[in-house]
Every structure is written in structure tokens, then in C-alpha cells.
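Q: Sequence plus predicted model, see below.
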Amino acid sequence: MTRLIFLGAPGVGKGTQASRLAQKVGVPHISTGDLLRTAVSQQTPLGSKAKAYMDQGQLVPDELVVSLIEERIQEPGAQIGWILDGFPRNVAQANVLEQLLDRMRQHGKQVINLDVPVDVIVQRLLERGRADDTEEVIRNRLSVYQSQTTPLLEFYKTRDQLETINGNASVEEVEASLWQAIQAQPEP
Ligand code: ADP
């Protein structure tokens with residue numbers, strides 16, 4: 001049973017690794033960024049509310065993201081496990097997730113922190129060139145990450161669920177260390 005949360009700044013390669021790993025172990029890859037971008041492009045009411053925040057590199061309000069995740073993680077396909085990418089992004093979201101998983105009687109998960117130096121991250125994001133990858137928005141996202149998301153490292157460390165992996169290597173090398181870290185952990 002794979003239940004995995006990916007933490008890490010924008011640009012560390014969470015999406016790439018989460019998607020490869022999800023394929024390999026056969027569980028859904030749940031990315032709040034992707035879910036939100038889909039909502040924006042389909043111009044759903046939620047998407048329209050989220051767009052301005054995303055364009056500025058701010059976090060979308062918790063209630064919007066939480067409703068997306070609650071729905072997605074309770075789908076039948078997610079009963080066999082999941083890999084979360086981009087959620088939780090702050091302590092309030094992490095608490096909501098704990099309660100949700102308790103309610104669903106899903107106990108045991110692993111949290112992977114992909115670690116990459118900031119200057120490498122900025123370079124990668126500028127090269128990626130997504131619509132929200134301008135220098136100013138990138139700076140915003142990084143500072144939001146610092147203030148809102150890094151407290152989660154402590155949150156999961158206290159719960160003994162955190163594993164940090166060096167993400168400053170080739171996609172294949174990171175994939176290999178990730179695989180090792182997952183095998184090394186006991187099944188919940
Ligand atoms: P990145 O990791 O490069 O920032 P994502 O695709 O994960 O890219 O997220 C893009 C944007 O979507 C974020 O900048 C943010 O506005 C919004 N977003 C994604 N996940 C969340 C979340 N859990 N809470 C609030 N906002 C989110």
C-alpha cells in the first residue's frame with residue numbers, strides 16, 4: 001500500500017518524480033496544481049476563484065483546495081493508495097488531511113522531502129517557462145513556500161514520517177534514491 005506525500009519547493013521535481021513513481025507502483029498521482037489548472041481551464045466556479053491567486057504565486061484559499069482533495073482522495077481509484085503532490089502546503093491543510101485519513105481509516109503514510117538549493121530551483125523554473133513561471137511570481141512562490149510550507153517539515157518529523165532526499169541530481173538518480181528510501185521504510 002503506497003501512501004506518499006511529496007514535499008519540496010516549487011521546481012524541485014516533485015511532479016516528475018511523483019508521476020513516475022505513481023506509474024511504477026500503480027497508484028494515482030494526485031497533484032493539486034494539476035487539479036487547479038484543470039479547474040481554471042474548464043472555467044469552473046472554483047477555477048475562476050483560484051486563478052488570481054495562482055497567477056500571483058499565492059496559495060489558493062484552503063477551503064477550495066481542501067474540497068478538491070477531499071473529493072479526489074475518496075474516489076474508488078484512490079482506495080489502493082495515492083501519491084500526493086502539492087498538498088498539504090500549510091499546517092492547516094496538513095491537519096485537515098490527518099482528520100480526513102482518520103475518517104477513512106487510512107493509517108500510515110510516508111512523507112518525502114525533495115531538497116534542492118534555491119539557486120538551482122530558480123534556474124529550473126525559469127527554463128520551464130509555465131505561464132506562472134515569471135521571475136516575480138517564482139520569487140513569490142518561493143517565499144510562500146518558505147513561510148507556509150517549511151513548517152510541515154517539522155510537523156512530519158515529529159510524527160516520524162519524514163524522509164529527506166537530495167533532489168539536485170539527474171531525474172534517474174533522484175528516482176533511484178527515492179525508490180531506496182521507500183523500500184527501506186516498513187510498510188504501515
Ligand atoms: P509549483 O510546485 O511549481 O508551485 P504547483 O503545480 O504545485 O506548482 O502549484 C501551482 C499553484 O497552484 C501554486 O502556486 C498555488 O497557487 C496553487 N496550489 C497548488 N496546490 C495548492 C495547495 N495545496 N494550497 C494552495 N494553493 C495551491
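A: Cool, got the structure.
Q: Every contact and neighbour count from this point should use C-alpha atoms.
A: Will do.
Q: As a check, name the ranges of all strands in the chain.
A: Assigned by DSSP state E, the strands in the chain fall at 2-7, 29-31, 81-85, 110-115, 162-166.
Q: low-scoring stretches of the chain, by residue?
A: For the chain, the stretches flagged by pLDDT under 70 are 185-188.
Q: how about 80 then?
A: With pLDDT under 80 as the threshold, the chain has low-confidence stretches at 184-188.
Q: if we can go back for a sec, okay, the strands of the chain in JSON lines with distance to A181 and mean neighbour count next?
A: Listed next are the strands of the chain as JSON lines, based on distance: least, C-alpha to C-alpha, whole Å; neighbours: other C-alpha atoms under 10 Å:
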{"stretch": "strand 2-7", "distance to A181": "12", "mean neighbour count": "22"}
{"stretch": "strand 29-31", "distance to A181": "18", "mean neighbour count": "22"}
{"stretch": "strand 81-85", "distance to A181": "15", "mean neighbour count": "24"}
{"stretch": "strand 110-115", "distance to A181": "9", "mean neighbour count": "22"}
{"stretch": "strand 162-166", "distance to A181": "7", "mean neighbour count": "17"}
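Q: What lies in contact with stretch 108-128?
A: For stretch 108-128, contacts defined as C-alpha atoms under 8 Å, 6 or more residues apart in numbering pick out 2-14, 133-135, 138, 153, 156, 161-168, 188.
Q: related to what we said a few turns ago, let me have the strands of the chain in TSV, extended by distance to the ligand.
A: Formatted as TSV, the strands of the chain follow (distance: least, C-alpha to the nearest ligand atom, whole Å):
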stretch	distance to the ligand
strand 2-7	9
strand 29-31	7
strand 81-85	7
strand 110-115	12
strand 162-166	17
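Q: possible to save the ones you listed as CSV with distance to V174?
A: CSV is the format used below for the strands of the chain (distance: least, C-alpha to C-alpha, whole Å):
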stretch, distance to V174
strand 2-7, 13
strand 29-31, 18
strand 81-85, 16
strand 110-115, 9
strand 162-166, 7
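Q: closest to M54 out of the ones you listed?
A: Nearest to M54, of all these, is strand 29-31, at 14.3 Å by C-alpha to C-alpha.
Q: what does that closest one contact?
A: Defining contact as C-alpha under 8 Å, 6+ apart, one finds that strand 29-31 is touched by 15, 18-19, 22, 72, 82-87.
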